[in-house]
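Student: here is a sequence together with a model predicted from it:
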Amino acid sequence: MRTQIHPTFYEDAVVTCVCGNSFTTGSVRKEPTTEICSACHPSFNGQQRIVDTGGQAARSNKRAATVAASSRARERARGPPRTPPGSPRHPAHPATGADCLRTAGGTQTE
């Protein structure tokens, strides 16, 4: 590794904010400055209020209720469930009139 290319690391660098707050940390600059810190940022000092803009939670609940209602209406319009082929209650084949008994392999047996 080449020497002379790495910056000097200061373990006691004092960071100063524009609000007047200062704290010590490690940095490659001796006295870095910042525009906002945890003392003056609204999220960190408790001054920011989280607002439900436009009722996002209410809109989400309304959308979920609409989807559930439409899926229930589709189920009612669809009618009773069809019985799968090969079940004891499956109707006779419409073309031949014979019972349609199928095995797991898909071949028809009489």
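Tutor: Arrived safely. Values in this document were obtained by computation on a predicted structure and should not be read as measured data.
Student: mind listing the helices for this protein?
Tutor: Using DSSP state H, the helices of the chain run over residues 42-45, 56-78.
Student: adding distance to residue 8 and mean pLDDT, write those out as JSON lines.
Tutor: To be clear about C-beta, it is placed using only N, CA and C from the backbone, and glycine gets the same treatment. Listed next are those as JSON lines, based on distance: least, Cβ to Cβ, whole Å; pLDDT from 0 to 100:
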{"stretch": "helix 42-45", "distance to residue 8": "30", "mean pLDDT": "77"}
{"stretch": "helix 56-78", "distance to residue 8": "49", "mean pLDDT": "82"}
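Student: put together CSV for these, with distance to residue 33 on each row.
Tutor: As requested, the helices of the chain are exported to CSV (distance: least, Cβ to Cβ, whole Å):
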stretch, distance to residue 33
helix 42-45, 18
helix 56-78, 38
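Student: what's the closest of those helices to residue 4?
Tutor: Among the helices of the chain, helix 42-45 comes nearest to residue 4, with 39.5 Å by Cβ to Cβ.
Student: hey, where'd the strands end up in this structure?
Tutor: 10-17, 22-27, 33-34, 101-102, 108-109 (DSSP state E).
Student: turn those into JSON lines, columns for distance to residue 40, mean pLDDT and mean neighbour count.
Tutor: Output for the strands of the chain, formatted as JSON lines (distance: least, Cβ to Cβ, whole Å; pLDDT from 0 to 100; neighbours: other Cβ atoms under 10 Å):
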{"stretch": "strand 10-17", "distance to residue 40": "6", "mean pLDDT": "94", "mean neighbour count": "14"}
{"stretch": "strand 22-27", "distance to residue 40": "12", "mean pLDDT": "94", "mean neighbour count": "12"}
{"stretch": "strand 33-34", "distance to residue 40": "10", "mean pLDDT": "92", "mean neighbour count": "12"}
{"stretch": "strand 101-102", "distance to residue 40": "74", "mean pLDDT": "52", "mean neighbour count": "14"}
{"stretch": "strand 108-109", "distance to residue 40": "79", "mean pLDDT": "52", "mean neighbour count": "10"}
